[in-house]
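[1] Below is the sequence, then the predicted model.
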Amino acid sequence: MKDYIWQIIGVVAVVAIGASIVYSNSVSNKANEGIVLEAHVKGNADAAVTLTEYSDFQCPACGQFYTIVEEVLAEQGDNIRFEYKHFPLISIHPFAVPAAKAAEAAGQQGKFFEMHDALFENQQIWANSANPQAYFNGYAEELGLDITLFKQHMKASVIDDKIVAEFNEARELGLTGTPSFFLNGKRMQFETFQDFVSQITNAISPTVEIEGVEVTPSVTSEPEVKFGF
C-alpha cells in the first residue's frame, strides 16, 4: 500500500513539474513576441568615429562617465557614433541585470536611451532600494511607455540572451571592469576625464586640443565573474 501511495505521489510530482515547465515556456514565448533586438546607437550612425562603451547601470564609475559622454555627444553632434553595450558585473551589482533588462524593454518601445538616462540619473536611488523594479516601472510610466508591455518584455528570454551575449563579448575582449571604452575598435587607455575627452576630440579633429578640469576617474572592476540568471 505504501509503495502504491509513493507511486501516486511520484506521478503527481512529475505532472506538476511538467506543468510548471510548460507554463514557464508559455510565459517566456509570450514575452518574446514582437521583440526586435537592435544595437543601441546614438549620434550619427554614419560618422567616421565610433565610441563604444561596455557598461553596467549600477556601476558608480559608469554613472560618472554618463555625464562626460553626454557632454561629448552634445558637443560633437554628427561627428561621432556612440554605441552602448551591456557588461553587468553581477557579483558586486545585484541589480545590474534587471536594470539592463529595463533599458532593453524600454527599447522595444523606442525609448532605450531615455531609460538609459533615467537609470544613470537616478542610480543612487534605485540601486540602494529594496525593490528597484518599482522604480523601473515608475520611469517607464514617466516615459509614457505601455506599462503592461514593458513588464511583459522584462520577462523576455531573448532579452536575457542579448545581455548574456554582450557580457560574453566583453569577457572575450579581456575586459574586467566598467566602464570600458573602445575608440574606432581600439581599447582606450586614459588617466583623467580630460584625457578621455581629448582622445575622442583628436580622433575627430587631430589638430584640436581642449582644456578641461583634470579629475581622476574611478573604474569599477571585478577580476572574476560567473554570469548567469
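    Arrived safely.

[2] all contacts plus neighbour counts: C-alpha atoms, from now on.
    Noted.

[3] I'd say Met115 and Ala106 touch.
    Yes - using C-alpha atoms under 8 Å, Met115 is in contact with Ala106, at 6.4 Å.

[4] out of these two, which sits in the busier spot?
    For Met115 versus Ala106, the count of surrounding residues by other C-alpha atoms under 10 Å is larger for Ala106: 28 against 24.

[5] quick one: buried residues of stretch 186-205?
    Thr192, Phe193, Gln194, Asp195, Phe196, Val197, Ser198, Gln199, Ile200, Thr201, Ala203, Ile204 (16 or more other C-alpha atoms under 10 Å).

[6] thinking again about what came up before, what is in contact with Met115 and Ala106 at once?
    Jointly contacting Met115 and Ala106 under the rule C-alpha atoms under 8 Å, 6 or more residues apart in numbering are Ala140.

[7] Strands of this structure, residue ranges please.
    For the chain, the strands defined by DSSP state E occupy 40-43, 49-55, 80-86, 177-178, 180-183, 186-187, 220-221.

[8] so can I have CSV of those showing mean pLDDT and distance to Ala100?
    Shown next, in CSV, are the strands of the chain (pLDDT from 0 to 100; distance: least, C-alpha to C-alpha, whole Å):
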stretch, mean pLDDT, distance to Ala100
strand 40-43, 97, 12
strand 49-55, 98, 10
strand 80-86, 98, 7
strand 177-178, 97, 14
strand 180-183, 98, 16
strand 186-187, 98, 23
strand 220-221, 58, 17
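
[9] now the ones you listed in JSON lines, with distance to Ala31?
    Putting these into JSON lines (distance: least, C-alpha to C-alpha, whole Å) gives the following:
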{"stretch": "strand 40-43", "distance to Ala31": "21"}
{"stretch": "strand 49-55", "distance to Ala31": "25"}
{"stretch": "strand 80-86", "distance to Ala31": "21"}
{"stretch": "strand 177-178", "distance to Ala31": "30"}
{"stretch": "strand 180-183", "distance to Ala31": "31"}
{"stretch": "strand 186-187", "distance to Ala31": "36"}
{"stretch": "strand 220-221", "distance to Ala31": "32"}
